[in-house]
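Undergrad: Pasted the sequence and its predicted model underneath.
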Amino acid sequence: MKKIMINIALITVALILYYIQSNFFSWFNIAGIMPNLFVIFVLFIALFANRTIGTIYGVAIGILLDFLLGNKIGIYAITLGIIGFLAGIFDKNFSKDNRMTIIFMVSGSTVIFEVLNYLLNYIFLSTNVEILNFIKILLIEVIYHILLTIILYPLIQKFGYFIENEYKGNKILTRYF
């Protein structure tokens, strides 16, 4: 029952994030560039729940964003699904307690998302290659994501450990025996 409530809460948070991203950050942007809150959201779901849940949420949110925003169905689904999968790998190799590690994970995930998104748009939509413009967008978005992570991390961490206890359980003793 708790997992169902957690999934309902995560879906509600995803809808709220879509509302915030489409309304609030359209006014509060830097050089016309808005943060992609879903990269951070999928990263934290996969870090605290598990790789499978993160990938499922990444693909589901990506399909929703493809229908609402994208020119081609599947680009956001693929990139957010990869972010969810990679975050599950980050979870096994890095600590979630250190804020600097989380900042590096968010930065790396943002770079991976943007590069994959740019490459897939180039391949499927034949968009023009503008490297300097892409680098400018990437740097501003990484800085934006770092600032949002610094501000929101205590709240995310508290909710994340609640999710982690439900999905993974407390398996500290099983590691040693």
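TA: Structure's in. What do you need?
Undergrad: so how far is whichever strand or helix holds Gly108 from its chain's centroid?
TA: Assigned by DSSP states H and E, Gly108 falls within helix 99-125. Counting by C-alpha atoms, centre = their mean, to the nearest Å, helix 99-125 is centred 10 Å from the centre of its parent chain.
Undergrad: what element comes up after that helix heading to the C-terminus?
TA: helix 131-167.
Undergrad: quick one, that next one and helix 99-125 angle?
TA: In this structure, helix 131-167 runs at an angle of 120 degrees to helix 99-125, with axes from the mean of the first three to the mean of the last three C-alpha atoms, to 10 degrees as the basis.
Undergrad: Can you give me the buried ones in helix 131-167?
TA: Applying a neighbour-count criterion of 16 or more other C-beta atoms under 10 Å, one finds 137-138, 140-142, 144-146, 148-149, 153, 156-157, 159-160, 163-164, 167 buried in helix 131-167. Every residue, glycine included, has its C-beta placed from N, CA and C.
Undergrad: so what's the most centrally placed residue in the chain up against?
TA: Nearest to the geometric centre of the chain sits Val39, at 2.3 Å (C-alpha atoms, centre = their mean). By C-beta atoms under 8 Å, 6 or more residues apart in numbering, the contact set of Val39 is 80, 83, 106, 109-110, 113, 145.
Undergrad: Show me which of these is closest to Gly54.
TA: Nearest to Gly54 out of the contacts of Val39 is Ile83 (C-beta to C-beta; 7.8 Å).
Undergrad: so what secondary structure elements neighbour the helix or strand harbouring the closest one?
TA: Taking DSSP H and E as the definition, Ile83 sits inside helix 75-93. With contacts defined as 3 or more C-beta pairs under 8 Å, 6 or more residues apart in numbering; DSSP states H and E, helix 75-93 has these neighbours: helix 37-48, helix 51-68, helix 99-125.
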